[in-house]
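**Q** Give me coordinates for this.
(chains A, B and C)
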Amino acid sequence: MDKTLGQQMLFGGDYNPEQWPENSWESDIQLLQQAHINSATINVFSWALLEPAEGQFDFTKLKKIIKLLTKYNFKIVLATATAALPAWLVRQYPAVGRVNPNGIQQQHGKRHNACPNNPDFQRLASQLVTQLAERFANLPNLAYWHISNEYGGLCYCDNCAQAFRDWLQVRYGDIDTLNSAWNSHFWSHTYTDWIDILPPMRTTDLFSNGKPVLGGAALDYQRFQSDSLLANYTMERDIIRQFDATTPMTTNLMGSQKDLDYFKWAPEMDIISWDNYPSYDTPASYTAMQHDLMFGLKQKPFLLMEQTPNQQNWQPFNALKKPGEVRMFSFQAIAHGANSVQFFQLKQSLSGAEKFHGAIIPHSGQTTGRIFKEIAQLGTDFQQLPASLLDTSKKAQVALVFDWDSFWGLENSIGPTTKLDYVQMVHRYYALFYQAGIAVDLISTDMALIDYDLVLAPKLYAANAQFTAKVSEYVAHGGQFVTTTMAGLTDDHDHIIPGGYPGAFHEVLGLTFDETDALPNEQSVALVDQQTNVLGTGTTLCDLIQVSTAEPLAYYGDSVFYQGTPAVTVNHFGAGKAYYIGTEPDSDFLNKLLINLIPLTQIQEQHNPHVEITTRETTDEAFHFVINTTDQTQPTINPYPGQVDLLSGQTYSEQLTLDPFAVLIFRVKKS
Amino acid sequence: MDKTLGQQMLFGGDYNPEQWPENSWESDIQLLQQAHINSATINVFSWALLEPAEGQFDFTKLKKIIKLLTKYNFKIVLATATAALPAWLVRQYPAVGRVNPNGIQQQHGKRHNACPNNPDFQRLASQLVTQLAERFANLPNLAYWHISNEYGGLCYCDNCAQAFRDWLQVRYGDIDTLNSAWNSHFWSHTYTDWIDILPPMRTTDLFSNGKPVLGGAALDYQRFQSDSLLANYTMERDIIRQFDATTPMTTNLMGSQKDLDYFKWAPEMDIISWDNYPSYDTPASYTAMQHDLMFGLKQKPFLLMEQTPNQQNWQPFNALKKPGEVRMFSFQAIAHGANSVQFFQLKQSLSGAEKFHGAIIPHSGQTTGRIFKEIAQLGTDFQQLPASLLDTSKKAQVALVFDWDSFWGLENSIGPTTKLDYVQMVHRYYALFYQAGIAVDLISTDMALIDYDLVLAPKLYAANAQFTAKVSEYVAHGGQFVTTTMAGLTDDHDHIIPGGYPGAFHEVLGLTFDETDALPNEQSVALVDQQTNVLGTGTTLCDLIQVSTAEPLAYYGDSVFYQGTPAVTVNHFGAGKAYYIGTEPDSDFLNKLLINLIPLTQIQEQHNPHVEITTRETTDEAFHFVINTTDQTQPTINPYPGQVDLLSGQTYSEQLTLDPFAVLIFRVKKS
Amino acid sequence: MDKTLGQQMLFGGDYNPEQWPENSWESDIQLLQQAHINSATINVFSWALLEPAEGQFDFTKLKKIIKLLTKYNFKIVLATATAALPAWLVRQYPAVGRVNPNGIQQQHGKRHNACPNNPDFQRLASQLVTQLAERFANLPNLAYWHISNEYGGLCYCDNCAQAFRDWLQVRYGDIDTLNSAWNSHFWSHTYTDWIDILPPMRTTDLFSNGKPVLGGAALDYQRFQSDSLLANYTMERDIIRQFDATTPMTTNLMGSQKDLDYFKWAPEMDIISWDNYPSYDTPASYTAMQHDLMFGLKQKPFLLMEQTPNQQNWQPFNALKKPGEVRMFSFQAIAHGANSVQFFQLKQSLSGAEKFHGAIIPHSGQTTGRIFKEIAQLGTDFQQLPASLLDTSKKAQVALVFDWDSFWGLENSIGPTTKLDYVQMVHRYYALFYQAGIAVDLISTDMALIDYDLVLAPKLYAANAQFTAKVSEYVAHGGQFVTTTMAGLTDDHDHIIPGGYPGAFHEVLGLTFDETDALPNEQSVALVDQQTNVLGTGTTLCDLIQVSTAEPLAYYGDSVFYQGTPAVTVNHFGAGKAYYIGTEPDSDFLNKLLINLIPLTQIQEQHNPHVEITTRETTDEAFHFVINTTDQTQPTINPYPGQVDLLSGQTYSEQLTLDPFAVLIFRVKKS
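**A** Residues are numbered from 1 along each chain as shown, chains lettered A, B, ... in the order given. From the prediction side, this is the model:
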């Protein structure tokens, strides 16, 4: 047999030796080996230990733990330790702490706390990383460099303000161009000097609800802050690359978080890695979408850098993970493209903010507990699987556009309703396909559309000209495109595209409109066909569509003054079709409308929505994952009757009942 | 025929040319003319353009737009552009920004952002207004000067603190008088030097709920801040008056807002103007009350300076205005005394905080839309009406006292309940009469009572001696006076008037009491007659009344220990009657008690509460407005059967069914 | 007859002469005498009057009021006036104001506003107290010195930061010991210099929810701040003691407030006093528990320094006290150990934050009102009672441990649930016994257990080694011990005790576990016996108990994966039993489990939960209080049939119906 997945794949997680006596490190590693753990992420928060005073470095402990891990043949994910500032550093350089949107300077404390544009932070972080790279480049067991940790958060300090001005000068060249881009004449904001530009804060241009006066300025500030943290990443990366030409570098991302435009980050990263922390009530489709977004950043497999082996601690109610649930989450990640299974953390802290966060070695220090056994079982599972799984990838017929500019711009807007949650809206569309067993690729506006049978771009508020043109070309060549209310409205600067909504998509959709009603929470409107048969219900927003070439698929019913106005349309455009959904329909309506736009297999037609069927493949072979995402048994149709499940070694008939959290993996050679 | 209303009355709104290319201005005006728009409010937020650097003025664009508007014979409402500070000004004079009650200094951003007591703001605003007045006084088409915009908001900076001390020295003369007025010995607040007096802030003397330790100090600070902004207004006014002897001046007010005591502002204004922004769920009676309050400030017609031609954007759910709804709102305003119909805004912004706020020219730039047509129809309507309507006024039998001292004092009080909302309480009483088709005048405590059949002063917490004496005289001479729990309690300094509640109104009401119960949300108490028949229900507060000369009209029922105690009373005092309502009764109870205190017409007895009947008149003739305020058809009795409706040219019989949002106007010569 | 209680006991309250004209003081005292008031607390907030400028003292008014009170033979409780800073003091020494956890410096305003570690405050307060003590020591009518007022609140200023470092150096000696105690290596917090230690604030190491990164640091900061305010107390106390060798000193405490560890304060106080302010919906058991906690601080009678004679003003709904309710509260206090009945306040303020707070002399100034009569009746009642009541004490069979370290540590923890309210959890256990008529002593972890039949320590999260050992010894010698989920987890530094939960109580409970589930609000779990009969319901938290020597009393039912796991256990340990409750059971379940652990009298078995039966006694005689705590009549069994009630002079049979708020007191000689 070839190498197993268990031999090849990282199966490990964060280990913080600095929290434990040195004489316990080796026995910890020995315990972890009992669960087949083969790697450790170290040095994430060790700056203060590595550099107890400015310029004084001490790598004794780090060398010792590396030596020990190497002795036990653990792969090492080596962090650069820059994610939390030492206290002395903040004391000596108080401006290194971030300033919050209320203008309050943060002092030493918490983590992820450095202003990205602070020159002292940049200098001292560079020095530390240089020291690390010099010493630890090309270590035999070094699997990855882990740069900083969970980048995120915004800073509003004077250094950022000045760096923002520099960034804007590069972007706009002269101040009149900026005034025009931002519509600065609004409320006498006209800038006559770059020095007058301030970050949009509660003390400057944000209202108490956090929304900006100048949407263009706010959008640019979010782009600038994302770029600033990315510059911190590339600064460390470039230093390490001087010393280590080959070890891949990553930083752990956080799914559909708002602060960073990960599509701009991905090209700078050797491999994507991310931290998956579903809550007790997170839908399986939501977790799946997050994985697909992380896959989508590079359209390549990624590392699952963190998940919890049991309960979290920072959610309101931190339910225990049920028997089999962590295993299910692990295989769900792999099915969606994860090429590692790593945990936070390997040994549970005795004190500090995470002391109630689950770990593989619990507070009891015992390996007899349920969780330790489940992790060990997972390690055993990985011995049953071939390492060649890591060479597979995935590709869907359906694409869903995710766009941070739209995320920011939409949620910055004042009106027409406060009920605009970009991620939830994108997830609604994802979930429809997920529940039908249909794979979806998450893509950026920069990616190619042409290979997809169907492209959805819900709430794509910011529609740059390149994407708009690409959509038109895609549809003209036979593609199917779906978009929704609030889409296509603005250009790159949060300017409404004049000439009637939905601006950019006007032509491809064959419609226009002037008005969008906003319904209060307690109101809804019937969606009807031409004979006024009820097809469904709309809520939240209702566009008053005037079709030109588009054909109505549903109209508003009789509870509103605009009854009979088209609510949902399709436009034949070239060889393809473009759908517009001018309200928030109920899920049944959406389901009927959208699922059949792609050819369905028999399996998909009878799909149990609680069972995931996901495929990773090469040109030669496919791995099909069948996963019960629930704690109940689930009947399902086995798409691979008679095939051997790699985990159990068994075959199954076509009618299948899956145990709670059951996972089957079928390896099928392509004919 | 004489001039039409459409020829004479301002029908226009805000236009912000600085947001548009100059070559589009003329075509915008031409479009607006298609909707019979005849005026524009300009220059509201142009300071940064007019004065791009300190002392450097550039009026080129302003002159150009004025010239264009004049060419098309648009009346101009010319704003003074001081409502939003240029960025350079805040940079050069950082103290010009306001300080919030948490002590945080605001930097450049948003609008309405100048500290009213900042000498640099005063100097620079004066300079700008001087420049404007020099150039634009007595322009042929200048209809009004519009000073600043929507004054409001409080500042807590050091300049304000010092100005407050000066204001207090004028008011109190010596520090012991102030200590006595404020009861400063409370919690060791005794002041020995004026310099120790600080604005009541969260960092000084306000609790985290915003309530003050010293009620007298908080009341004085609110008066002082209202006076400070008023001084900004009169500063600009006086400059303009030096150059322009005749053009009337105004600033756009905001109904029953809390910050400014408009009854002190009104004498300084040539004409009242205000901005009306009802939400989708605002009762018609609430809007009517706001108009009547604005009328009441001078007891004269006013300008409707702003309303939206369609949806707002800053409310949680910005519903579209329904067909006919904007027309209805416009005529409702006129019926209550508006002598203009103006909109915010004429052309919809493409970017900035208001980009989703409705406008007459929408983002599409088209005039084919529903809203443009409705506005044009309204313009046509105005052609059907005689300009003499503008010479009419209105007068009611019933007066409702509105008092900012009571508003402030009541809502500053700690106890007996947190459920004290002054405006809502006043509206409860207004709505009773409104729904019966009975006109109500909103008046201040300074105005004459003698002409009214009934005067209501609900929750008149602050009862100065002059008003108290006037009430006694009014009742003694045959008037009917109604007041409620929490009324009459305090003097001018938020001092309880000793000797038993309700202090000031003790004698005229013929009762006294020591105790007021506060009921939690879930509790209520029956109101019964002497035979314990249930008359209604009381909530929130229950005074334990001891009558002297008053006669009980209702008693508390048996769920409370004070059952049998009078809850509602009437006192025969001289030739009149004074009613006291010692709890919060349900609306049916209130209705039965109060509506019949004035003689009702047959119409009023059978009134449909969803239909407004409002009259404006001169000594010779009357205009009667019959308005369906709802989007449903409404049956009503036509008070003017056989009369011609000016809008439709038709006559109607006595039984009338009004279409949704229908408006009829009957002009009746007085016999 | 001997002296009456009315002659001997303080029956008075706060009087603020500075709020009233001097010529009204004597008549106020005369009025109060009509209600049998015999004492006054004065000088609480007079600093600004006593010292109008630094170093300039004026005691004229204070001497005058003391002279007047002495003339009428009022006992005087003399406050030191340091609880609110004069305005001049904050102006001259701005750092004297506290800094809040957001880093905002407070200026002059409100009260209880001095930084405890500010040297200027300490110096000036010492000077003032020296002046007071020199003048007023050993006054003939001086009953108590009242130091400052309602100590509480935390400060985060630079003075506090430095004092904290000094406090830590004393506690930990060297910085490595501190790093170890705090697990500072977590998130790179390692300290290399004391100067780097900052108070845990929102701008440093607290999250936005107020929870800390380093639990040990937060716990120490709370201890330090409690100690800092205590040092303010002892500073004043020691000055006074130099001049006045005998008069007892106190400060008014506030029940189970969070800021101060009263068990550390109690030894420094001559007598405990406290302020009791139940709301309209406060359970009688909660008030009783508060009294018992205050008694428990020294296990000695205390002063009821404040209660309101009628409604409060600062609660959301300030209901009037019903007829008899204040009398009931007064006797409830005495029953639980109060040796005074004092009110806030004697005369109602006309202005300021407390103007709507009830008082004995109301705003009307009249003595004819209900409340004045009720207070006078209470004074008369006290004439019926013997002064020897003051020599009695109380002692229960059941002890309930209250622990500020656990309070702080538990509520600082992040996870496993946000539903952790320490005081409410302790009250649940108290209420069970209270409702059964069983007295409970509130004790600290330092007190002896050996005399109790049953010791409960719910949620005793912080379990120091001494207490743990004491529990083991207590149970081994035959005691009964009960503890719950979240108990025993941490040591003195908020470090989890390793080796498996529940850490410290592991052995005495005969069980261990690794996992605790957290249930969302909407979930619960059945508690069943071995035959799966349902015994009750658990919520919030579920420990997954593994018994060693313990015996399960209930198991989890079938809605959870851990069904069949023990949820509640008992362990026979030596001669005693230790109970563990691993979830939050419903009250019926708890009741059945716990009440029968002590021998019940027949009375207790049939106890009406709305009737309190409480006893104070000496070795020779007992005073039994029978109190109807409700406004309804209540049937009860009279435990003392045929005995004379001291208040009414009547005897009662065994079946008794108590009037609303009725109080009976039976004095029984012990045989």
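**Q** what pairs with the closest residue to residue A:602 other than its chain neighbours across the strands?
**A** With sequence-adjacent residues excluded and distances taken as CB to CB, 6 or more residues apart in numbering or on different chains, residue A:602 is closest to residue A:637, at 7.8 Å. Glycine gets a C-beta too; all of them are placed from N, C-alpha and C. Beta-bridge pairing of residue A:637 under DSSP bridges involves residue A:655.
**Q** contacting residues around residue A:637?
**A** A:602-603, A:606-607, A:654-656 (CB atoms under 8 Å, 6 or more residues apart in numbering or on different chains).
**Q** Could you point out which of these is nearest to chain C?
**A** Of all the contacts of residue A:637, residue A:656 has the smallest distance to chain C: 22.6 Å, by CB to the nearest CB.
**Q** roughly how far apart are the closest one and residue A:434?
**A** 19 Å (CB to CB, to the nearest Å).
**Q** just checking, residue A:618 touches residue A:390?
**A** No: using CB atoms under 8 Å as the test, residue A:618 is too far from residue A:390 to be in contact (10.6 Å).
**Q** Flag every residue of the stretch 101-250 of chain A that's near chain B.
**A** Neighbours of chain B within the stretch 101-250 of chain A, by CB under 8 Å from any CB of the partner chain: A:102-103, A:182-183, A:185-193, A:195-198, A:200-201, A:203-207, A:211-216.
**Q** Of these, select the buried ones using a PyMOL command.
**A** Only the buried entries of these go into this PyMOL selection, using 16 or more other CB atoms under 10 Å in any protein chain shown:
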select buried, chain A and resi 103+182+183+185+186+187+188+189+190+191+192+196+197+198+200+201+203+204+205+206+211+212+213+214+215+216
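**Q** Comparing residue A:618 and residue A:390, which residue is more hemmed in?
**A** residue A:390 (17 against 13; other CB atoms under 10 Å in any protein chain shown).
**Q** Checking the more buried one next. Helix, strand or coil?
**A** helix (DSSP: H, G, I helix; E, B strand; the rest coil).
**Q** From the recorded domain assignment, give the ranges for chain A.
**A** A:5-152+A:231-389, A:158-219, A:398-595, A:611-669 (automatic domain parsing).
**Q** And the ones you listed: which comes nearest residue B:531?
**A** Among the domains of chain A, the nearest to residue B:531 by CB to CB is domain A:398-595 (42.3 Å).
**Q** Off-centre distance for the closest one?
**A** 22 Å (CA atoms, centre = their mean, to the nearest Å).
**Q** what's the neighbour count on residue A:143?
**A** Residues near residue A:143, counting by other CB under 10 Å: 21.
**Q** where's it, which helix or strand?
**A** Using DSSP states H and E, residue A:143 sits within strand A:142-146.
**Q** now swap in residue A:101 and tell me
**A** Here residue A:101 is assigned to no helix or strand, by DSSP H and E.
**Q** May I have the phi/psi pair for it?
**A** phi -70, psi -10 (degrees, to the nearest 10).
**Q** likewise the one 5 residues further on?
**A** Comment: the main-chain dihedrals of residue A:106 come out as phi -90, psi 140, following degrees, to the nearest 10.
**Q** And it, what's its pLDDT?
**A** pLDDT recorded at residue A:106 is 97.
**Q** Any idea what the nearest residue to it once chain neighbours are set aside is bridged to?
**A** Nearest in space to residue A:106, with sequence neighbours left out and distances taken as CB to CB, 6+ apart, is residue A:97 at 4.0 Å. The bridge-partner assignment for residue A:97, based on DSSP bridges, gives residue A:114.
**Q** Could you pull up the residues touching residue A:97?
**A** A:85, A:90, A:105-108, A:113-115.
**Q** follow-up on the earlier one: out of the domains of chain A, which is closest to residue B:139?
**A** Among the domains of chain A, if distance is taken as CB to CB, the winner is domain A:158-219, at 22.1 Å.
**Q** Show me which strand runs longest in chain A.
**A** strand A:534-543 (DSSP state E).
**Q** and the closest residue to residue A:214 other than its chain neighbours, backbone torsions?
**A** Of all residues not flanking residue A:214 in the chain, residue A:182 sits nearest, at 4.8 Å (CB to CB, 6+ apart). In terms of degrees, to the nearest 10, the main-chain angles of residue A:182 are phi -90, psi 0.
**Q** circling back to that earlier point, the helix or strand that comes right after the longest strand of chain A packs against which elements?
**A** The first helix or strand that comes after strand A:534-543 along the chain, using DSSP H and E, is strand A:546-547. Packing partners of strand A:546-547 (3 or more CB pairs under 8 Å, 6 or more residues apart in numbering or on different chains; DSSP states H and E): strand A:511-512, strand A:566-573.
**Q** if we can go back for a sec, the more surrounded of residue A:656 and residue A:434?
**A** Set residue A:656 next to residue A:434 and count neighbours by other CB under 10 Å: residue A:434 wins out with 25 against 20.
**Q** looking at this, the more buried one is in a helix?
**A** Yes: assignment of residue A:434 by three-state DSSP places it within a helix.
**Q** Quick check, pLDDT for it.
**A** The model's pLDDT for residue A:434 equals 97.
**Q** same question, residue A:421
**A** At residue A:421, pLDDT is 97.
**Q** In JSON lines: the contacts of residue A:97, plus neighbour count.
**A** Formatted as JSON lines, those follow (neighbours: other CB atoms under 10 Å in any protein chain shown):
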{"residue": "A:85", "neighbour count": "29"}
{"residue": "A:90", "neighbour count": "23"}
{"residue": "A:105", "neighbour count": "16"}
{"residue": "A:106", "neighbour count": "23"}
{"residue": "A:107", "neighbour count": "19"}
{"residue": "A:108", "neighbour count": "25"}
{"residue": "A:113", "neighbour count": "22"}
{"residue": "A:114", "neighbour count": "28"}
{"residue": "A:115", "neighbour count": "29"}
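**Q** And the residue nearest to residue A:602, how far from chain C?
**A** 27 Å (CB to the nearest CB, to the nearest Å).
**Q** Is it correct that residue A:376 falls within a helix?
**A** Yes: applying three-state DSSP, one finds residue A:376 inside a helix.
**Q** Please look at it and residue A:34 and confirm they touch.
**A** Yes: at 6.4 Å, residue A:376 counts as touching residue A:34 under the criterion of CB under 8 Å.
**Q** These two: which is more packed in?
**A** A direct count of neighbours by other CB under 10 Å for residue A:376 and residue A:34 places residue A:376 higher, at 18 against 14.
**Q** quick one on the thing from earlier: wait, doesn't the residue nearest to residue A:214 sit right on residue A:219?
**A** No: using CB under 8 Å, residue A:182 is not in contact with residue A:219, being 9.2 Å away.
**Q** Overlap of the contact sets of those two?
**A** residue A:493.
**Q** tell me the phi and psi of the residue of chain A found nearest chain B?
**A** Minimum separation of chain A from chain B (CB to the nearest CB) falls at residue A:415, amounting to 2.8 Å. Torsion angles at residue A:415 (phi, psi; degrees, to the nearest 10) stand at phi 100, psi 170.
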